[in-house]
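J.: Fold the following, please.
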Amino acid sequence: ESGLGASGIPHIGSLGDAVRAYGVKLALENLGYKSELIAYSDDLDGLRKIPEGLPDSLEEHIAKPVSLIPDPHGCHDSYGMHMSSILLDGLDKVGIKYEFRRAVNTYKQGLLKDQIHTILQNSAKIGDKISDLVGQEKYQKYLPYFPVCANCNRLYTAEATEYITNEKKVKYTCHDTKISSKMVKGCGHVGEADIGKDLGKLAWKVEFAARWAAFDIRFEAHGKDIMDSVKVNDWVADEILGFPHPHHVKYEMFLDKGGKKISKSLGNVITAQKWLEFGTPKSILLLLYKRITGARELGFEDIPALISEYNELEDIYFGRIKVDNQAKLIKSKGLYEYVNLLNPPKQPSTHVNYRLLMELTKIFKENRDERVMKKLLDYGVIKNPEP
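T.: The predicted structure is shown next:
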């Protein structure tokens with residue numbers, strides 16, 4: 001499984017989560033196992049703040065699930081689906097195959113209702129364990145479940161205080177709540193929500209565990225920013241739901257060239273779409289498969305080096321470059337195969353140094369294609385004109 005946050009603009013880091021999970025799927029299939037990648041969009045997540053560059057009119061929708069907020073761009077059924085579609089388009093463009101699932105449908109169809117029921121029956125035990133493991137005490141007071149308030153459609157303002165086991169309903173009150181250091185007004189509504197029929201969602205501290213058990217998830221990577229949530233979810237899966245938690249890989253964040261975290265709310269995002277205006281799909285896959293651990297600074301200026309590196313890997317793979325070090329040879333060939341999603345080409349392509357191409361395209365503005373082609377022929381870089 002790979003989770004997609006649907007509350008802000010998806011960047012290359014968001015794409016990386018799914019691309020790497022797909023690599024694990026390919027490896028398992030390569031070993032003869034059946035495997036599929038679920039791309040799960042958390043579009044029941046509430047909007048906490050307005051991301052940079054989006055209209056202020058979204059202010060009235062703060063704390064509402066992103067799947068219930070109209071798309072400010074007017075092209076999808078909701079704000080959440082608009083953001084999800086940007087990520088899915090990026091995955092399609094780099095050749096990743098996945099099964100897309102939305103939180104709003106998962107909850108509406110009651111796919112997690114058995115897990116929600118078990119979790120809410122054990123909420124006291126879970127609240128104590130969360131306090132033990134990560135020092136957060138709020139779930140000793142409230143249930144780890146947020147109904148969507150039937151009156152104002154907000155999520156985090158409706159706090160559930162009691163679970164009526166035989167009716168599978170939670171009692172809640174909608175009151176003022178602090179979200180991202182801002183007070184959001186509750187509407188005061190007191191109500192009951194049916195966990196199988198009414199819209200609501202589990203808190204992150206327990207939701208992964210419910211999904212793992214319901215969808216039979218064996219692998220999910222995560223960023224180091226949610227280590228606490230994963231620690232609690234592992235315990236909930238093992239001890240409360242009786243489902244062995246999946247294997248995890250922890251990765252670090254991409255930073256921008258100034259060393260700041262690439263973040264949806266800061267708006268310093270590098271999207272797959274923008275990257276693909278200058279670089280190839282292979283350059284994205286190489287960036288993501290080359291290394292998983294450690295934080296890395298990332299910018300469009302990395303594209304030429306990645307394309308050169310890909311060309312070098314291809315030359316090693318097809319024996320054009322001799323590598324004496326056996327370990328390096330195996331690693332380079334393996335990386336080349338994964339960057340080609342275990343379906344490498346039968347023969348190498350024509351390589352032209354990308355920096356040379358960049359310099360030539362800066363010089364020629366008119367009839368660019370044929371003039372660049374002529375220069376490459378003059379330099380002896382290529383033998384005959386080709387696309």
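J.: count of neighbours near E301?
T.: As a burial measure, E301 scores 9 neighbours (other CB atoms under 10 Å). C-beta coordinates here come from the backbone N, C-alpha and C atoms, glycine included.
J.: residues in contact with it?
T.: K257 (CB atoms under 8 Å, 6 or more residues apart in numbering).
J.: gap between it and K257?
T.: 8 Å (CB to CB, to the nearest Å).
J.: okay, N268: pLDDT?
T.: Here the pLDDT value assigned to N268 is 67.
J.: I should have written S57 there, sorry.
T.: On the pLDDT scale, S57 gets 88.
J.: again with the one 10 residues further on
T.: Per-residue pLDDT puts S67 at 94.
J.: quick one: contacts of the host helix or strand of D128?
T.: Assigned by DSSP states H and E, D128 falls within helix 123-134. Helix 123-134 is contacted from outside by 119, 136-137, 139-141, 143-144, 163, 205-206, 228, 231-232, 235-236, 240, using CB under 8 Å, 6+ apart.
J.: Which parts of the protein are strands?
T.: Here the chain has its strands, by DSSP state E, at 2-5, 38-42, 99-102, 145-147, 158-164, 169-174, 177-179, 182-184, 190-194, 200-202, 222-223, 250-251, 254-255, 296-297.
J.: helices or strands up against the last one?
T.: Pointing back at strand 296-297 there. strand 254-255 (3 or more CB pairs under 8 Å, 6 or more residues apart in numbering; DSSP states H and E).
J.: what does the strand it packs on contact?
T.: By CB under 8 Å, 6+ apart, strand 254-255 touches H11, I12, G13, G16, K261, I262, I270, A295, R296, E297, L298.
J.: Pretty sure M83 sits against A6.
T.: Yes: at 4.6 Å, M83 counts as touching A6 under the criterion of CB atoms under 8 Å.
J.: Mind checking which of these two has more residues around it?
T.: Using other CB under 10 Å, the more surrounded residue of M83 and A6 is A6, with 29 against 25.
J.: Contact partners for the more buried one?
T.: By CB under 8 Å, 6+ apart, the contact set of A6 is S41, D42, D43, D45, V66, S67, Y79, G80, M81, M83, S84.
J.: And P348, by the same measure?
T.: E314, D315, Y317, F318, R320.
J.: how close does the first one sit to S181?
T.: The spacing between E314 and S181, counted by CB to CB, is 50 Å.
J.: try the second one
T.: Using CB to CB, D315 is found at 53 Å from S181.
J.: neighbour-wise, which of these two wins?
T.: Per other CB under 10 Å, whichever of D315 and S181 has more neighbours is D315, with 17 against 7.
J.: what about the longest helix in this structure?
T.: helix 12-30 (DSSP state H).
J.: So for D238, what's the pLDDT?
T.: 98.
J.: Quick check, it in contact with P244.
T.: Yes: in this structure, D238 is within contact of P244 by CB under 8 Å, at 6.4 Å.
J.: what's the domain layout of the protein?
T.: 2-112+204-255, 145-202, 352-386 (the TED database).
J.: which of the residues in the shortest one are buried?
T.: Read it as domain 352-386. Under the neighbour-count criterion of 16 or more other CB atoms under 10 Å, domain 352-386 has V352, Y354, L357, L360, V372, M373, K375, L376 buried.
J.: ok, and the closest non-adjacent residue to S85?
T.: If the residues on either side of it in the chain are set aside, S85 comes closest to H76, at 6.0 Å by CB to CB, 6 or more residues apart in numbering.
J.: Relative to I86, how far out is that neighbour?
T.: 10 Å.
J.: Likewise for L357?
T.: In terms of CB to CB, L357 sits 28 Å off from I86.
J.: and if you look at A124?
T.: 41 Å.
J.: Those two: which is more packed in?
T.: Neighbours per residue (other CB under 10 Å) separate A124 from I86, with I86 holding more: 20 against 11.
J.: Tell me which residues touch the residue nearest to that one when sequence neighbours are not counted, please.
T.: Distance criterion CB to CB, 6+ apart; nearest residue to I86, sequence neighbours excluded, is P10 at 5.2 Å. P10 makes contacts with L4, M83, S84, I86, L87, G90, K264, V269, T271, A272, as judged by CB under 8 Å, 6+ apart.
J.: and these, which of them are in helices?
T.: M83, S84, I86, L87, G90, A272.
J.: how about CSV for those residues, with pLDDT and distance to T157 added?
T.: Putting the ones in helices among the contacts of P10 into CSV (pLDDT from 0 to 100; distance: CB to CB, whole Å) gives the following:
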residue, pLDDT, distance to T157
M83, 93, 22
S84, 94, 24
I86, 93, 28
L87, 93, 28
G90, 95, 33
A272, 92, 34
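J.: How many residues are close by the nearest residue to D71 once chain neighbours are set aside?
T.: Once flanking residues are discounted, D71 sits nearest to H82: 4.5 Å by CB to CB, 6+ apart. For H82, the count of nearby residues is 20 (other CB under 10 Å).
J.: related to what we said a few turns ago, tell me the angle of the longest helix of the chain relative to strand 38-42?
T.: Per axes from the mean of the first three to the mean of the last three CA atoms, to 10 degrees, the angle that helix 12-30 makes with strand 38-42 is 150 degrees.
J.: Please list the outside residues in contact with helix 12-30.
T.: Contacts of helix 12-30 (CB under 8 Å, 6+ apart): 1-5, 35-37, 39, 87, 90-91, 94, 96-98, 219-221, 223, 249, 251, 253-254, 262, 270-272, 275, 284-285, 287-289, 292, 298, 338, 341-342.
J.: May I see the PyMOL selection of the buried members of those?
T.: Per 16+ other CB under 10 Å, the buried members of these correspond to this PyMOL selection:
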select buried, resi 1+2+3+4+5+37+39+87+90+91+94+96+98+219+220+221+223+251+253+254+262+270+271+272+275+284+285+287+288+289+298+338+341
